Structure formats: structure tokens, C-alpha cells
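> I'll drop the sequence and a predicted model, then ask my questions.
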Amino acid sequence: MTRYSYSNFYKANIISLFAAIIIIGFSIMLGKNNLFLLLNTDLGSIGDFIFNYATYLGDGVVWALFAIILLWKQKRQLPITIAAIVISTIITHYIKGHLLPINYRPVEALPNARNLIHTIAGIEIHYGGSFPSGHTTQAFTMYFLLCLLVDKKWVVPIGFLGAMLVGYSRVYQAQHFPLDVAGGILVALVTVWISLWLQLKIEEKWFTTPVKP
């Protein structure tokens, strides 16, 4: 019988949804552009160093390593792992390519404020496909899976800080608006719930009776 840490999973969902709602709320009250400029503050060489590398926690390579380690430790979680990768990728690229094809990133969307936008030297700035943030989607998807599969209380706060660090790094690097980060969180939520549903269905058919939420 497969056991999941639903307590951690639900807490992570609630905290993350609350964070997304707060970001959306401030984006509406202050304006998407103004909130970006407020958070895209130059924190000096230390800030550049930290957020230059923090963003890699939501990179595809890290996602692949995470999946390999997860499958090595818990082979029965193959369906939910593959589903999470595929679904998050499909949703993100469908929104970027079809629902919001003309959706510029900060540097392109704010041509009159380029002198106010902080960028990190050596990092290639992208111009299109702003919403949602793919790195944030991947980071929060990994976070939710960890909370579901690891029954340790520390996973919830530490994992949340790590995922939010990735999200903020995208704003700090001028790659995304805060609203894009909120979108990434929401896509991750949808992704993991669909993936969990598929996992439970497969377990119900092929394995022992699953522990339902």
C-alpha cells in the first residue's frame, strides 16, 4: 500500500496558493509593471551571485536529476513523476504559444524604463513568452511532489523558501514579472493534482488499494 504525506501536501498547497493570491493582488493594486520595478531592485554583487545560481533550481537539468533520484528511491512513483513533467510542460508551452502568444517580458514590455531595470551581466535576456514562468512551475512542481512523498515536517517550509527563491530570481534577473511567478505556482498546483489523480487511478488498477486523500 502506497502511503503519501497528505498533511505536508495540503499545507504546501495552501501556503503556495496564498502566496500566488498575494502576488496577484499586489500586481493588481500596484500595477504589474510597478511591482516588477519594485522587486527588481539591484542588490549588488552578492545578490547577483545568489540569484544567478538560484534560478537553476528550476532548470530542466535539475528537474531531470530530481526525477531520476525520485524514481531510484520510489519506483512506484513513475506515473506521477512522468505525468508531472509532461503536464507541466504542455500547460506552460500551450499558454505561452497559443493562449498568450504576444506576451512580452519586462525588458521588451517596458522600453521606456530600461534604465530602471536591473539585469545581471552575462545572462541572456529573453523577450517573449513571459506568462507563466516555466522555472517557477518546475520548482513548485518539485516542491509539491517532495511534500507528497517525504513525510518530514521541514520539507514544507524549507521547500517553499527554495521554490520562492527560484520565483524571485526570475524577477531579479528581469526575465519575468511577479505575475508570471504567480502563474507558475498555479500551473504547478494544477499539474500535481492531475498527476496525483492519475497515480491513484493506476495504483487502484495495478497495485494495492491506494491511500486516498
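That came through fine.

> got any ranges where the protein has weak pLDDT?
Counting by pLDDT under 70, the chain contains low-confidence ranges at 1-2, 73, 207-213.

> In it, which helix is the longest?
Among the segments of the chain that qualify as a helix by DSSP state H, the longest is helix 178-206.

> quick one: residue 91 from residue 78, how far?
As judged by Cβ to Cβ, to the nearest Å, residue 91 and residue 78 stand 20 Å apart. For the C-beta atoms, the positions are set from N, CA and C on the backbone; glycine is no exception.

> Those two - which one has more neighbours?
Using other Cβ atoms under 10 Å, the more surrounded residue of residue 91 and residue 78 is residue 91, with 19 against 14.

> tell me the phi and psi of the more buried one?
Dihedral pair for residue 91: phi -60, psi -50, per degrees, to the nearest 10.

> pretty sure it contacts residue 191?
Yes. Taking Cβ atoms under 8 Å as the contact criterion, residue 91 and residue 191 are neighbours in contact, 6.5 Å apart.

> Overlap of the contact sets of these two?
residue 137 (Cβ atoms under 8 Å, 6 or more residues apart in numbering).

> For residue 190, grab the count of nearby residues.
By other Cβ under 10 Å, the residues close to residue 190 number 14.

> which ones are touching it?
If you count contacts by Cβ under 8 Å, 6+ apart, residue 190 has them with 87, 91.

> Distance of it relative to residue 145?
For residue 190, the distance to residue 145 equals 14 Å [Cβ to Cβ].

> Same check on residue 106?
Distance check for residue 106 against residue 145: by Cβ to Cβ, it reads 30 Å.

> ok, now residue 108?
Between residue 108 and residue 145 the distance, using Cβ to Cβ, works out to 33 Å.

> Which one's more surrounded, the two?
Looking at residue 108 and residue 145 with other Cβ under 10 Å, you find the greater number of neighbours at residue 145, namely 25 against 14.

> Sort out which residues of the helix or strand containing that one are buried, please.
When secondary structure is defined by DSSP states H and E, residue 145 falls within helix 134-149. Residues 134-149 are the ones in helix 134-149 that count as buried (16 or more other Cβ atoms under 10 Å).

> which strands and helices sit next to it?
Applying 3 or more Cβ pairs under 8 Å, 6 or more residues apart in numbering; DSSP states H and E, we find helix 134-149 packed against helix 6-30, helix 60-73, helix 78-94, helix 155-172, helix 178-206.
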